[in-house]
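Novice: here you go, sequence then predicted model.
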Amino acid sequence: MPPGDPPDRPRPRGVVFDTDGVLLDSASLHAAAWKVAFDRCVEELRPGDPRQPPFDAHAEYRRLVDGRARIDGARAFLTDRGIALPPGTPDDPPGCTSVQAVAAAKEQAFTRLLSARPVPVFDDVVPALRSLRARGVRCAAASASRHAGALLEAAGILGLFDTVADGRLAARLGLPGKPDPALFLAAVSRLGLGPADAAVVEDAEAGVAAGRRGGFGLVVGLDRTEDADRSAALYDRGADAVVRDLSALADEMRLTALVDEIRRERP
């Protein structure tokens, strides 16, 4: 090792995976459900206002709600659009009377969409998980969604994880949403590891920021879109590396190369 290089970083002994967009191709369902909820509120609360176009299920989804807890996503959109609503309570029915009501409307729309079509697993997921587990790497799934555990079970991959930290756990423990790292830290703790001994894999900017804030030994951004701007945004939020699929984690030599690369760049 050349003089002046920082000490070797330990190879990750665990990996915390975000669920939507990383393991399951469910981001489109979430975006569609948000569009149903938000467009209804725009139509009801700002009818005919040219400054209030329909929700953009691509750009606004990524910028405002992707990777966030449902209530945080509703609040972020309303704030961005300058629409002031009372906070409400978790018992508020779906609608546009409060932030909680908007979040409930999204949940209702998502449940309906979910009943109409299954959520597929990305092709690279099962080989990557099996390879990691064969090498003794512990794996956790994390998601702000309360549906995460059920979706992973329905997809047939729940058994490939040592633990799942989802929205139900977050609600029970009162954990804040991303970019706060609380959910990721809960997941890695349930693996019996500290964050410095683990990697986190995220496709959302808020999630990458959470991994960086949480002090994870390796923060991997996943950009399945191969969009240069998207990759740049993940780097800007704190990703050590951005990959196109999970084969980099499944291949020990490539994972080693990722760690060695960031070892040279930050102490």
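Specialist: Ah, there it is. Numbering: from 1, shown residues only.

Novice: for the stretch 101-250 of the chain, which residues score under the pLDDT cut-off?
Specialist: For the stretch 101-250 of the chain, no stretch has pLDDT under 70.

Novice: and if we set it to 90?
Specialist: Low-confidence segments of the stretch 101-250 of the chain, defined by pLDDT under 90: 111, 113-120, 144-151, 154-155, 177, 225-230, 241, 247-250.

Novice: now do the strands in it.
Specialist: 138-142, 163-165, 198-202, 218-222, 241-243 (DSSP state E, counting those that start in this stretch).

Novice: could you dump these into TSV and include distance to Ala182 and mean neighbour count?
Specialist: Heads up, the C-betas are built off the backbone N, CA and C, glycines and all. Formatted as TSV, the strands of the stretch 101-250 of the chain follow (distance: least, Cβ to Cβ, whole Å; neighbours: other Cβ atoms under 10 Å):
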stretch	distance to Ala182	mean neighbour count
strand 138-142	10	25
strand 163-165	10	23
strand 198-202	13	29
strand 218-222	16	27
strand 241-243	24	20
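
Novice: out of those strands, nearest to Leu173?
Specialist: Of all the strands of the stretch 101-250 of the chain, it is strand 163-165 that lies closest to Leu173, at 9.3 Å by Cβ to Cβ.

Novice: which strands border that closest one, and is each parallel or antiparallel?
Specialist: strand 138-142 (parallel) (DSSP bridges).

Novice: what's the partner strand in contact with?
Specialist: For strand 138-142, contacts defined as Cβ atoms under 8 Å, 6 or more residues apart in numbering pick out 13-19, 23, 129, 132-133, 148, 152, 160-166, 183-184, 186-188, 190-193.

Novice: which among those count as buried?
Specialist: Buried subset of the contacts of strand 138-142 (neighbour count, 16 or more other Cβ atoms under 10 Å): 13-19, 23, 129, 132, 148, 152, 160-161, 163-166, 183-184, 186-188, 190-191, 193.

Novice: which of those fall in helices?
Specialist: Counted as lying in helices by DSSP state H, out of the buried ones among the contacts of strand 138-142, are Leu129, Leu132, Ala148, Leu152, Leu183, Phe184, Ala186, Ala187, Val188, Arg190.

Novice: ok, the residue nearest to the third one when sequence neighbours are not counted - contacts?
Specialist: Closest residue to Ala148 apart from its sequence neighbours, by Cβ to Cβ, 6 or more residues apart in numbering: Asp166 at 3.8 Å. Counting by Cβ under 8 Å, 6+ apart, Asp166 makes contact with Thr19, Ala141, Ala142, Ser143, Ala144, Ser145, Arg146, His147, Ala148, Gly149.

Novice: out of the residues you listed, who's nearest Ser115?
Specialist: His147 (11.6 Å).

Novice: number of residues surrounding Ile157?
Specialist: 17 (other Cβ atoms under 10 Å).

Novice: what's the answer for Val99, then?
Specialist: Val99: 22 surrounding residues under other Cβ under 10 Å.

Novice: contact partners of stretch 207-216?
Specialist: Contacts for stretch 207-216 (Cβ under 8 Å, 6+ apart): 16, 18, 67, 178-181, 183-185, 188, 195-196, 198-200, 202, 219, 221, 234, 237-239.

Novice: which positions within that stretch qualify as buried?
Specialist: Gly207, Val208, Ala209, Ala210, Gly211, Arg212, Arg213, Gly214, Phe216.

Novice: using TSV, lay out those together with distance to Gly95.
Specialist: Formatted as TSV, the buried residues of stretch 207-216 follow (distance: Cβ to Cβ, whole Å):
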residue	distance to Gly95
Gly207	29
Val208	33
Ala209	31
Ala210	30
Gly211	35
Arg212	37
Arg213	34
Gly214	35
Phe216	39
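
Novice: what's the closest of those to Arg230?
Specialist: Arg230 has its nearest neighbour among the buried residues of stretch 207-216 in Val208, at 11.2 Å by Cβ to Cβ.
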